[in-house]
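>>> Just a sequence and a predicted model for now, questions to come.
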Amino acid sequence: MAFNLPTYVGNQPSHPTNIPQNITPNNPTDNEYARAVLYTAEVVNRYQFGDANDTDVASASDFMFQVGNVRLLALQPGTLQGAPAWANQLQQNINQFQQNMHQGFNQLQQNFHQRFNHLEINTAKAYNASCGDGMSRPWIVVKDGNGVDPTIPPNNLPPLYNRNVITGLNNNATNAYIAFYQINVPANATIARKKTEIAGYLGASFVGISF
């Protein structure tokens, strides 16, 4: 069978990624299969650095398993002494590599989302700091570390657009924001102290807001 070649060749000149060529259609050699595996591993590595995308990883994985499956089919019992054991070991290696790759890919996605959430939080805080007390230019919502917006279900907390909104928060909403953002305050902290801490978390601490 003819293999569907992947397309990723590397977006960075310093990190070229050569697509394996001239793989035997019906009976790939160990070296040819190894080149397919190494190519896929390199694409996954480049994904971590932002050079490859989800489609590149999926295409490379499909290519590797095409070659691996054809390699297994070529190892028919009786054609080579010990072939079934070899075939079983190869299949185990493929399965283990697939499992490791999926785990690594999921971890990369998780790390990316965490970094993106932190960037989004820091950007929102910096913007809010530039808005002063928010009266002339409203603050924007700051999400938590998991990217959750406190103003939508299931939290449904009031949007904190400016100093006056924080001033008008009742005790329940104030405590709910403290819990949502996991802000550490003394057990005997007053509501005014908690509101000051909330404003600080949003970025307003840069303009010295207190309640």
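Looks like it arrived, so ask away. Numbers count the residues shown, from 1 in each chain.
>>> After the helix or strand containing V44, which helix or strand is next? Please name it.
Element membership for V44, per DSSP states H and E: helix 30-48. Per DSSP H and E, helix 30-48 leads on to helix 54-74 as the next helix or strand towards the C-terminus.
>>> Which parts of this structure are helices?
Applying DSSP state H to the chain gives helices spanning 30-48, 54-74, 83-130, 163-167, 171-180, 191-202.
>>> Now for the closest residue to T24 other than its chain neighbours, how many residues are close by?
Counting by CB to CB, 6 or more residues apart in numbering, T24 lies nearest to E32, which is 6.2 Å off, once chain neighbours are set aside. (Each C-beta comes from the backbone N, C-alpha and C, glycine too.) Per other CB atoms under 10 Å, the neighbour tally for E32 reads 19.
>>> quick one, what contacts E32?
20, 23-24, 67 (CB atoms under 8 Å, 6 or more residues apart in numbering).
>>> Now for those: which two are most distant?
P20 and T24 (11.3 Å; CB to CB).
>>> Now neighbour count too, for the contacts of E32, in a markdown table please.
Shown next, in a markdown table, are those (neighbours: other CB atoms under 10 Å):
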| residue | neighbour count |
| --- | --- |
| P20 | 22 |
| I23 | 21 |
| T24 | 13 |
| V67 | 24 |
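>>> Dump those to JSON lines, plus pLDDT and distance to P158.
Listed next are the contacts of E32 as JSON lines, based on pLDDT from 0 to 100; distance: CB to CB, whole Å:
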{"residue": "P20", "pLDDT": "70", "distance to P158": "58"}
{"residue": "I23", "pLDDT": "75", "distance to P158": "61"}
{"residue": "T24", "pLDDT": "74", "distance to P158": "66"}
{"residue": "V67", "pLDDT": "78", "distance to P158": "57"}
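>>> which stretches of this protein have low pLDDT?
Scanning the chain for pLDDT under 70 picks out 1-18, 72-91, 93-94, 98, 101-102, 104-106, 108-113, 205-211.
>>> Just give the number of residues close to G203.
Neighbours of G203 using other CB under 10 Å come to 24.
>>> In contact with it, which residues?
124-129, 139, 142.
>>> One more: V148?
Contacts of V148 (CB under 8 Å, 6+ apart): N155.
>>> same question, the one 3 residues further on
Remark: with contacts taken as CB under 8 Å, 6+ apart, T151 is in contact with 141, 157-159.
>>> and of those residues, the nearest to N53?
Nearest to N53 among these, with distances taken as CB to CB, is V141, at 28.8 Å.
>>> so what's the backbone phi/psi at the closest one?
Dihedral angles of V141 (phi, psi; degrees, to the nearest 10) stand at phi -70, psi 140.
>>> Let me know whether it touches P150 as I believe.
Yes - under the criterion of CB atoms under 8 Å, V141 makes contact with P150 at 7.1 Å.
>>> shared neighbours, the two?
By CB under 8 Å, 6+ apart, V141 and P150 have no common neighbours.
>>> Those two: who's more crowded?
Taking neighbours as other CB under 10 Å, V141 and P150 compare with P150 leading, 18 against 15.
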